[in-house]
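**Student:** coordinates for the following, if possible.
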Amino acid sequence: MPAKCSRGMLARTENLEPEKEGKVKTGKVGKYVPRGCGRATARMATFSGIDGLRPPAPNGQDAHSSEKRWVGKETHDEECGLCGSLKIILGSSSQARRAILSDMGYEFTVMSADIDERAVRREKPEELVKALAEAKADAIQLNLCDRDSRDLPTLLITSDQVKVSKGVIRERPRSTEEAREFIKGYSGDVAFAVNYVLVTNLSTGDTKGGWDIPEIYFHHIPDEFIDKVVKEGGMTCVAGGLRLIHPSALPFIKELVGTMDSVRGLPRNLTEKLIRESLQETAEITIEQPNVFK
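**Tutor:** Numbers count the residues shown, from 1 in each chain. Below you'll find the model as predicted:
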């Protein structure tokens with residue numbers, strides 16, 4: 001039985017429209033907000049086919065040009081104060097997450113956590129994704145204990161996502177009937193993609209985590225389309241039961257409050273922020289204890 005979400009977690013504010021000259025207005029939006037967290041801002045992109053996949057950066061800037069990055073294994077950046085080498089492990093078998101992290105400019109290795117996700121249950125969606133990301137990190141660390149010397153700063157990135165529709169948590173459907181039910185529920189309505197990203201610094205034991213929750217508004221989805229994708233199966237084997245980035249699904253998305261990378265399962269801005277925070281912390285330890293990684 002799908003878990004019901006607690007009441008009082010949603011709040012809607014005014015709809016946002018893109019400003020002139022390609023700028024995108026930002027503002028508060030209706031989200032699931034974990035207790036103790038401030039309500040975040042998000043971009044809204046109105047879809048018009050494939051071009052809607054990536055909202056424009058402010059002032060026409062390239063999305064990759066406005067900030068420095070720790071690219072590859074060599075990490076030299078005055079801002080973070082950390083010079084030397086860095087290891088990143090992506091704890092996910094998701095092709096989408098691998099593509100997003102690679103597109104961000106990072107080199108990394110991949111490990112998958114062999115856990116029974118259905119055995120991890122929480123009532124609230126934001127608590128569920130956090131618990132699953134933490135469980136994945138714990139499982140991967142157990143496999144690393146015997147072969148990772150920790151001689152270099154090493155970051156492990158794990159994440160999880162569920163969709164929420166009509167107040168009900170939607171994970172990966174377990175049957176064609178459940179997939180059909182999920183997709184029909186989106187028709188003419190709104191769904192939330194609840195993400196939690198966890199960055200574990202394996203060198204220090206510290207963790208940084210956070211939520212990102214885009215909203216997806218749908219047009220009417222005809223039964224013919226639902227029958228087709230359920231029969232084919234390839235578009236339903238994801239959290240929420242519908243692969244939203246598929247070209248055939250895009251025409252049914254009316255608007256997106258958030259970013260498509262977050263819908264795909266790894267919000268870029270949040271992941272970048274958590275990596276930077278973890279590296280900054282490592283840099284401070286390195287300055288205080290110069291031989292901590294030797």
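**Student:** can you give me the strands in the chain?
**Tutor:** Secondary structure of the chain, counting by DSSP state E: strands at 26-28, 41-46, 87-90, 109-110, 154-165, 168-170, 190-201, 207-212, 215-218, 253-257.
**Student:** how close does T158 sit to H219?
**Tutor:** Counting by C-beta to C-beta, to the nearest Å, the gap from T158 to H219 is 34 Å. Heads up, the C-betas are built off the backbone N, CA and C, glycines and all.
**Student:** neighbour count winner among these two?
**Tutor:** For T158 versus H219, neighbours defined as other C-beta atoms under 10 Å are more numerous around T158 (28 against 14).
**Student:** so how far is R243 from that one?
**Tutor:** T158 is 21 Å from R243, by C-beta to C-beta.
**Student:** can you check Y106 too?
**Tutor:** 24 Å.
**Student:** out of the two, which sits in the more crowded spot?
**Tutor:** With neighbours defined as other C-beta under 10 Å, Y106 and R243 compare such that Y106 has more, 21 against 17.
**Student:** wouldn't that one be in contact with I88 here?
**Tutor:** Yes: with contact defined as C-beta atoms under 8 Å, Y106 reaches I88; the gap is 5.6 Å.
**Student:** any low-confidence regions in the stretch 101-250 of the chain?
**Tutor:** 145-151 (pLDDT under 70).
**Student:** what about the helices in it?
**Tutor:** Along the stretch 101-250 of the chain, counting by DSSP state H, counting those that start in this stretch, helices occupy 125-144, 176-186, 223-232.
**Student:** okay, the angle between the last one and helix 176-186?
**Tutor:** Our comparison of helix 223-232 with helix 176-186, counting by axes from the mean of the first three to the mean of the last three C-alpha atoms, to 10 degrees, yields an angle of 150 degrees.
**Student:** helices or strands up against helix 223-232?
**Tutor:** On a contact count with 3 or more C-beta pairs under 8 Å, 6 or more residues apart in numbering; DSSP states H and E, helix 223-232 meets helix 176-186.
**Student:** how about the helix it packs on: buried residues?
**Tutor:** For helix 176-186, a neighbour-count test (16 or more other C-beta atoms under 10 Å) marks 178-183, 185-186 as buried.
**Student:** just the closest of those to V120, please.
**Tutor:** E178 (19.0 Å; C-beta to C-beta).
**Student:** separation between that closest one and R172?
**Tutor:** Distance from E178 to R172, by C-beta to C-beta: 9 Å.
**Student:** and what of L244?
**Tutor:** On the measure of C-beta to C-beta, L244 and R172 end up 14 Å apart.
**Student:** of the two, who's got more company?
**Tutor:** Using other C-beta under 10 Å as the criterion, L244 and R172 rank with L244 on top: 21 against 17.
**Student:** next, that one: phi, psi?
**Tutor:** When read as degrees, to the nearest 10, the backbone of L244 gives phi -70, psi -20.
**Student:** can you tell me, leaving aside adjacent residues, what's nearest to it?
**Tutor:** Once flanking residues are discounted, L244 sits nearest to V263: 5.6 Å by C-beta to C-beta, 6 or more residues apart in numbering.
**Student:** how about the one you found, what does it touch?
**Tutor:** 193, 214, 216, 244-245, 256 (C-beta atoms under 8 Å, 6 or more residues apart in numbering).
**Student:** now do 10 Å
**Tutor:** 53, 96, 161, 163, 191, 193, 195, 212, 214-216, 240, 244-245, 253, 256 (C-beta atoms under 10 Å, 6 or more residues apart in numbering).
**Student:** mind checking pLDDT for L16?
**Tutor:** Listed pLDDT for L16 reads 29.
**Student:** repeat that for the one 3 residues further on.
**Tutor:** At E19, the predicted lDDT confidence score is 32.
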